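**Q** sequence and predicted structure are below.
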Amino acid sequence: MARVISTGAQAPDFELPDQDGELVTLSALRGQTVVVYFYPKADTPGCTTQACSIRDRGDEYAAAGVRVLGVSPDPVAKVKRFHDKRDLNFTLLADADHAVCERYGVWAQKSMYGKTYMGAQRATFIIDADGVVAHVIPKVSPKTHDDEVLKALAELRSAA
């Protein structure tokens with residue numbers, strides 16, 4: 001099983017299509033703090049709770065000066081439907097071949113109803129302006145995600 005990348009590591013660069021099929025490259029976002037969160041599947045209950053909470057707290061993320069990127073192993077069309085259906089105000093990325101999930105160590109064996117399968121583990125990475133992982137939340141709860149991320153962002157700002 002892959003290991004989740006850790007705080008202090010250089011964030012693996014990636015280029016993925018967003019909900020509109022436009023390519024987003026992590027290295028192109030240098031100079032700003034980026035929150036990259038991985039979620040298992042678009043438009044499922046937990047993922048919807050998490051995404052809608054980020055949307056609803058968009059002003060707090062904007063005040064923190066961060067760019068939010070949600071990454072799932074879904075194809076662009078599914079990510080687009082989820083983005084539009086939930087009127088999301090941040091970028092979703094399609095990692096259909098799960099290569100980025102693997103590079104971040106979040107592609108893991110999961111189990112449900114006695115069946116095991118591979119899927120994206122819910123995890124969040126705060127990447128600083130230099131492209132270094134400043135904070136990792138390796139196991140995220142959709143209900144407390146924003147509180148954890150915004151608290152970490154505030155602590156990182158106050159430490160700077």
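**A** Nice, I can see it.
**Q** who's the most centrally placed residue in the chain bridged to?
**A** Centroid-nearest residue in the chain: Tyr37, 1.4 Å away (criterion: C-alpha atoms, centre = their mean). Listed beta-bridge partners, Tyr37: Gly70, Thr124 (assigned using DSSP bridges).
**Q** that one and Thr124 touch, don't they?
**A** Yes - look at Tyr37 against Thr124 with C-beta atoms under 8 Å: they come within range, at 4.3 Å. Quick note: C-beta positions are derived from backbone N, CA and C, even for glycine.
**Q** name the residues contacting each of those two.
**A** Val140, His145, Val149 (C-beta atoms under 8 Å, 6 or more residues apart in numbering).
**Q** which element, helix or strand, includes Asp20?
**A** Following DSSP states H and E, there is no helix or strand that holds Asp20.
**Q** just list the residues touching it, thanks.
**A** Applying C-beta under 8 Å, 6+ apart, the residues near Asp20 are Lys80.
**Q** circling back to that earlier point, of the shared contacts of Tyr37 and Thr124, closest to Phe90?
**A** Val149 (12.2 Å; C-beta to C-beta).
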